[in-house]
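> Return a 3D structure for these sequence lines:
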Amino acid sequence: MRLSTVDLQKRLNPEKPKGLPLALTVLIALLAGAVFIFALAPYGVWPVALVSPAILYALLMPDMSGKRAFLIGQAYGTGLWCVGAFWLYTSIHTYGAIPVWLALLMIAIMGLGMGLFHGFLALVFNRVVGRQPLSFAALWILQEWMKTWLLTGFPWLFVGYAFTDQAWLSSLAPVAGVFAISFVAVLLAASLVELLRRRGGYMIPSIALLVISSALWLINPQWTKPKGTPDLSVSLIQGNIPQDLKWLNEYQLETLNIYAMLTSTEWGSDLVLWPESSIPMSQIAAADFINEMAKLANETDTTWVTGIPYVDQAAYDASTDKYAPFYNSVMALGAQGEGLYKKQRLVPFGEYIPFQGLLDVLPDLAGSKDIMSYSRGNDEQSPLRVRGHNLGTAICYEVAYPDTTRRNAVGTDFLLTISNDAWFGKSAGPLQHLQMVQMRALENGRWFMRATNTGVTAIIDHKGHIVERAPQFERTVLRGNVQARVGSTPYMRFGNYPILFIMALLLLLSYFGKRGVAQLRLGASRK
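Coordinates of the predicted model:
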C-alpha cells in the first residue's frame, strides 16, 4: 500500500490531543473576553488586561483545526464586546424605546459582528503564522487598528487603554501611540503563558520593551514644551440637560436659558466652553441668541466656544440638493475667537444612515436616502483660533480615533473635545470615553479640555493626568487653567506607520518561519 505525503506525516507525527472539550473551551474564551471590561475605567484593574488575552493565547496553543480556532476567537470577541460595550443598551432601550428583548438581541448581534475580529485573529494565528507570542501580539494590534477604519470603524476596548494611568508602560504613548502599549501588554501576556510552559526565552522581547518603557518613564522626556504664554483661564459649562428632553422643540428655549444662566458668572474668563449641540438648533434658527452671547463675550473680553448644528447655506444648490449640508460643529466667537470645525467621524445610524438607498430592501429603512443626515467634515480643516492660539478639536466619538485626533492636533497649542454622553446614562461608557481622551493627551503632548452635557467634564494635562473634574449628572461649571504647549511628539509626526510596519514585518517573518519549519519536517519525513 502506497501512502500519500499527508498520510505519512500523520503516521510519523500523530496528532496531539486537542485539549479541553470544544464546548468548555468556547465557554472559557467567552468568559475571558467578558472579564476584560474590569481592566478599563471605571474599574481600572489593569492586570486583567494581561490575564484576559493570556487565556485566549493558551486556548489557541494546542493543535486544532482552523474551524475550532475560529470558534474560540469568535467566542472571546463576542464576550469582549457584549459585556465591554453593554453601555449601548442604555441608548438603545432607555432612549431608543426599543423593547428589552430586542435591545438585548441587538447587543448580541453587535457582539457577534465585532467578535469576528478576534475570530479571524485566531484563525490566522492557527493556520498562517507561527504560534508564538510575537505573532499573536502583532495580529492583536492589526485587528485593533482595523477597528479604526473598517466599515467606518468602532475603535473601542483597546488593551492599551487599561494602562493609561500606568506610567511605566503608558510612557510609550507619545512615541508610538496606544497600539504600542497594546502590543507590549499582549506580548507580555502571551510570553507569561510560555514561561509557564517552561519556554522562558519568549520573555526576552517583553522584558526588553518593558525596560525601554520604564526608562522613558524615569527619564521623563519632554516631547513638547510650554509655549511661554500665560495659562488660559477656562470655564467648562455642564448643562446636564436630560436626554429625553434635549431635542424637543418645546424645551429648546429652556436649554438656552440654562446655558446662559450658568455662563452669566463666567464672562471674564479667557475661554468659556459649551458642550456638543448645547445649542439644540441651527445657527440660523438661533441667530438672535448667538448674537446676544457673542456680544456679552466681546464686552467681557471672553472667547466663547460652543457646539452647534451648522447649516452651510453657501454650499446649497436647489437644483441638485434636497437640503443644505448640515454639520455637527464647533464654532468660536467673541473676543479673540474665530473659526468653525465640522465633525469628520460620524456615528452610523446616529448621525447618518450608511448605504443610503441600498437599505430600501428593509421595510423599516425604506426611504433612508431621504432622511436628513449630518454631512461629514473635511479631513483637512484649520484649527479654531482662541486668544492667539490654535485650538484642535474633536467632537464626541471621534476622539476615540487616534489618527484623526493626531491630525487635528498638528500645529495646535491645546485641544478640546465636546460630547453628549447622556445617551449612555450611568454606564461605564462615559468613563471609558474619558480614558480615551487621557490617552489622546498623552499621545500628542497637549492639554485637553473636555466639556460634556452630563459628564465627565474635565481638564487633562499633557501627561494624561486629570487636573480638574466635575461630578457627573450635575448642572455645574468646571473652572481651571490650561497651558499652551508647542512641539511635536514622535507619534504626532509619524502616526501609526512605525508600529504597523513592525507588526507587518513580524508577521511576515513568522509566516516564512512556519513554512521553513514545515518544509524541514517534510524533508525529514521522506528520508
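> so residue 35 sits in a strand?
No. Judged by DSSP: H, G, I helix; E, B strand; the rest coil, residue 35 forms no part of a strand; its state is helix.
> Quickly note the distance from it to residue 433.
21 Å (C-beta to C-beta, to the nearest Å). Every residue, glycine included, has its C-beta placed from N, CA and C.
> Now do the contacts for residue 461.
Applying C-beta atoms under 8 Å, 6 or more residues apart in numbering, we find residue 461 in contact with 441, 447, 467, 483.
> Could you pull up phi and psi at the second one?
What that stands for is residue 447. Dihedral angles of residue 447 (phi, psi; degrees, to the nearest 10) stand at phi -70, psi 150.
> Number the residues from 798 up from this point.
Okay, using 798 as the starting number, the last item reads as residue 1244.
> Let me know the pLDDT of it.
Residue 1244 carries a pLDDT value of 98.
> now the first one
In the predicted model, residue 1238 carries a pLDDT score of 98.
> Tell me how far it lies from residue 1182.
Residue 1238 is 21 Å from residue 1182, by C-beta to C-beta.
> more crowded one of the two?
Legend: neighbour count by other C-beta atoms under 10 Å for residue 1238 and residue 1182, higher for residue 1238 (28 against 15).
> related to what we said a few turns ago, residue 832 and residue 1230: who's more crowded?
More crowded of residue 832 and residue 1230, by other C-beta under 10 Å: residue 1230, with 23 against 17.
> Quick check: buried residues in stretch 981-991?
For stretch 981-991, burial by neighbour count (16 or more other C-beta atoms under 10 Å) applies to 981, 982, 983, 984, 985, 986, 987, 988, 989, 990, 991.
> out of those residues, who's nearest residue 1220?
When the buried residues of stretch 981-991 are compared for distance to residue 1220 (C-beta to C-beta), residue 982 wins out at 29.7 Å.
> mind listing what the closest residue to that closest one other than its chain neighbours touches?
Spatial nearest neighbour of residue 982, chain neighbours left out: residue 956 (5.0 Å); criterion: C-beta to C-beta, 6 or more residues apart in numbering. Shown in contact with residue 956 (C-beta under 8 Å, 6+ apart): 836, 846, 850, 937, 941, 978, 979, 982, 983.
> rewinding a little: closest one to residue 1208 out of the buried residues of stretch 981-991, please.
Scanning those for proximity to residue 1208, where the rule is C-beta to C-beta, the winner is residue 981, at 29.7 Å.
> what about the closest one, helix or strand, and which?
Using DSSP states H and E, residue 981 sits within helix 975-993.
> So for the next helix or strand after that helix, what gets flagged as buried?
Once the chain leaves helix 975-993, the next helix or strand it forms, by DSSP H and E, is helix 1000-1016. Using 16+ other C-beta under 10 Å as the test for burial, helix 1000-1016 gives 1000, 1002, 1003, 1006, 1007, 1010, 1013, 1014.
> who's in contact with the closest residue to residue 1141 other than its chain neighbours?
With C-beta to C-beta, 6+ apart as the criterion, residue 1141 has its nearest non-adjacent residue at 4.7 Å, and that residue is residue 1174. Listed by C-beta under 8 Å, 6+ apart, the contact partners of residue 1174 are 1124, 1126, 1138, 1139, 1140, 1141.
> For residue 1110, see how far away residue 1174 is.
16 Å.
> so what's residue 1286 up against?
Going by C-beta under 8 Å, 6+ apart, the list of residues near residue 1286 reads 971, 972, 1020, 1021, 1240, 1241, 1242.
> and residue 1053, what pLDDT?
96.
> so what's it closest to, chain neighbours aside?
residue 1086 (5.5 Å).
> what does residue 1276 give?
Nearest to residue 1276 is residue 1032, by C-beta to C-beta, 6+ apart, at 5.4 Å.
> That neighbour: what secondary structure?
strand.
> what about the closest residue in space to residue 1135 that isn't next to it in sequence, distance to residue 1026?
Nearest residue to residue 1135, sequence neighbours excluded (C-beta to C-beta, 6+ apart): residue 1182, at 5.0 Å. Residue 1182 sits 14 Å away from residue 1026, going by C-beta to C-beta.
> and what of residue 1120?
Relative to residue 1026, and taking C-beta to C-beta, residue 1120 is found at 42 Å.
> repeat for residue 856
Counting by C-beta to C-beta - residue 856 and residue 1026 are separated by 54 Å.
> More neighbours: which of the two?
residue 856 (24 against 13).
> what angle separates the helix or strand where the more buried one lies from helix 975-993?
Residue 856 belongs to helix 845-857 when assigned by DSSP H and E. When axes from the mean of the first three to the mean of the last three C-alpha atoms, to 10 degrees is applied, the directions of helix 845-857 and helix 975-993 differ by 60 degrees.
> one step back: correct me, but the residue nearest to residue 1135 touches residue 1129?
Yes. Proximity of residue 1182 to residue 1129 meets the contact threshold set by C-beta atoms under 8 Å, at 6.6 Å.
> so what sits against both of the two?
Counting by C-beta under 8 Å, 6+ apart, the residues touching both residue 1182 and residue 1129 are 1135, 1136, 1188.
> Save those residues as CSV, and put in distance to residue 947 and secondary structure too.
As requested, the shared contacts of residue 1182 and residue 1129 are exported to CSV (distance: C-beta to C-beta, whole Å; DSSP: H, G, I helix; E, B strand; the rest coil):
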residue, distance to residue 947, secondary structure
1135, 37, strand
1136, 32, coil
1188, 31, strand
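> Can you turn the buried part of the residues you listed into a PyMOL selection?
Those of the shared contacts of residue 1182 and residue 1129 that count as buried under 16+ other C-beta under 10 Å are selected in PyMOL with:
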select buried, resi 1136+1188
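> Could you find the closest non-adjacent residue to the most centrally placed residue in the chain?
The centroid of the chain falls nearest to residue 1197 when counting by C-alpha atoms, centre = their mean (2.9 Å). Distances taken as C-beta to C-beta, 6+ apart place residue 952 nearest to residue 1197, at 4.7 Å, with adjacent residues excluded.
> Would you confirm that that neighbour belongs to a strand?
No. Residue 952 is assigned coil when assessed by three-state DSSP, not a strand.
> what separates residue 1262 from residue 958, distance-wise?
Counting by C-beta to C-beta, the gap from residue 1262 to residue 958 is 15 Å.
> In terms of neighbours, single out the busier of these two.
residue 958 (23 against 14).
> can I assume that one sits in a strand?
No. With three-state DSSP as the criterion, residue 958 is assigned helix and is not in a strand.
> Verify the stated contact: it with residue 1234.
No. Checked against C-beta under 8 Å, the pair residue 958 and residue 1234 is beyond contact range at 10.6 Å.
> so what sits against both of these two?
By C-beta under 8 Å, 6+ apart, no residue touches both residue 958 and residue 1234.
> phi, psi of residue 1277?
phi -180, psi -170.
> Pull the contacting residues for residue 900.
886, 889, 890, 893.
> now the second one, nearest residue through space, not along the chain?
Using C-beta to C-beta, 6+ apart and skipping residues adjacent in sequence, the residue nearest residue 889 is residue 900, 4.5 Å away.
> in the helix or strand where that neighbour lies, what's buried?
Per DSSP H and E, residue 900 falls inside helix 897-924. If you call a residue buried by 16+ other C-beta under 10 Å, then helix 897-924 has these buried ones: 900-901, 903-904, 907-908, 911-912, 914-923.
> Next secondary structure after it?
helix 930-943.
> what's in contact with that following helix?
With C-beta under 8 Å, 6+ apart as the criterion, helix 930-943 contacts 850, 854, 857, 914-915, 917-918, 921-922, 926, 952, 955-956, 976, 979-980, 983-984, 987-988, 990-991, 999, 1002-1003, 1293, 1296-1297, 1299-1301, 1303-1304, 1307.
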